[in-house]
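J.: Model the structure of this input:
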Amino acid sequence: MNIDLVALSAELTALEEYLVRARDRVEGLITPLRSTEREDILSPLYESERLLRSAERAISRAERATR
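T.: Here you go, the predicted structure:
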């Protein structure tokens, strides 16, 4: 099986960019809620932000491995 590493790298880069945008959107939701006591909303949003950041790093490592 022959893997096209250039295409794989491009796809991983696009996915990483998507994750960055998604994390930015979640951060945008968090910002106005910080001054509230809505932990029922903030807690899962903080967790989502953390998981998206972790996914970004993992995809970035995979992309670097294609070089």
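J.: mind checking which helix or strand Asn2 is in?
T.: Following DSSP states H and E, one finds Asn2 outside all helices and strands.
J.: number of nearby residues for it?
T.: Neighbour count for Asn2, taken as other Cβ atoms under 10 Å: 4. The C-beta positions use only the backbone N, C-alpha and C, and glycine is treated the same way.
J.: Same question for Arg38.
T.: For Arg38, using other Cβ under 10 Å, the count is 11.
J.: again, but for Thr36
T.: 9.
J.: Same question for Ala7.
T.: Every residue meeting other Cβ under 10 Å relative to Ala7 is counted, giving 10.
J.: do you know how far it is from Ala62?
T.: Counting by Cβ to Cβ, to the nearest Å, the separation of Ala7 from Ala62 is 14 Å.
J.: Arg50 too?
T.: From Arg50 over to Ala62 (counting by Cβ to Cβ), the distance is 19 Å.
J.: contacting residues for Glu16?
T.: 56, 59-60, 63 (Cβ atoms under 8 Å, 6 or more residues apart in numbering).
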